[in-house]
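Peer 1: Build the 3D model from these lines:
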Amino acid sequence: MKVLLFCLLACLIPLQATASEFVNTTSSPDPESSPRARYEKFRRQHIDKQMTAQKCTAEMKRKEIYGDNNVCKDKNTFILADANEVKS
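Peer 2: Below you'll find the predicted structure:
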């Protein structure tokens, strides 16, 4: 009976360590996905009180506003206000 208990413990301890590693690696939050980081990205890409049609392309390049494929977006929507005027 003691041998069976030892075998059971010998199997469960590595399993628990593996499960702990899995939880630690999958549950750590991505700093880019925090609400603050998402807000800052939104603010940088979309809020600009001084934006004009003439400045749009240059500002999109300067602000590094890229699409999913890491290429400068063809289009972007700007909110012509400062961040204090924009409410969620």
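
Peer 1: neighbours of Asp48, just the number please.
Peer 2: If you count neighbours by other C-beta atoms under 10 Å, Asp48 ends up with 20. (C-beta placed from N, C-alpha, C; glycine too.)

Peer 1: And for it, nearest residue in space, chain neighbours not counted?
Peer 2: Phe78 (5.1 Å; C-beta to C-beta, 6 or more residues apart in numbering).

Peer 1: Which of the three states applies to Arg44?
Peer 2: What DSSP: H, G, I helix; E, B strand; the rest coil gives for Arg44 is helix.

Peer 1: so how far is Glu59 from it?
Peer 2: Separation of Arg44 from Glu59 (C-beta to C-beta, to the nearest Å) stands at 11 Å.

Peer 1: try Gln50
Peer 2: Going from Gln50 to Glu59 by C-beta to C-beta gives 9 Å.

Peer 1: Which of these two has more residues huddled nearby?
Peer 2: Per other C-beta under 10 Å, whichever of Gln50 and Glu59 has more neighbours is Glu59, with 16 against 9.

Peer 1: Just the element for the more buried one, please.
Peer 2: Using DSSP states H and E, Glu59 sits in helix 56-62.

Peer 1: What residues sit buried inside that helix?
Peer 2: Buried residues in helix 56-62, counted by 16 or more other C-beta atoms under 10 Å: 59-60.

Peer 1: List of residues touching it?
Peer 2: For helix 56-62, contacts defined as C-beta atoms under 8 Å, 6 or more residues apart in numbering pick out 48, 51, 72-73, 76, 78.

Peer 1: which SS class is Asp68?
Peer 2: Judged by three-state DSSP, the three-state class of Asp68 is coil.
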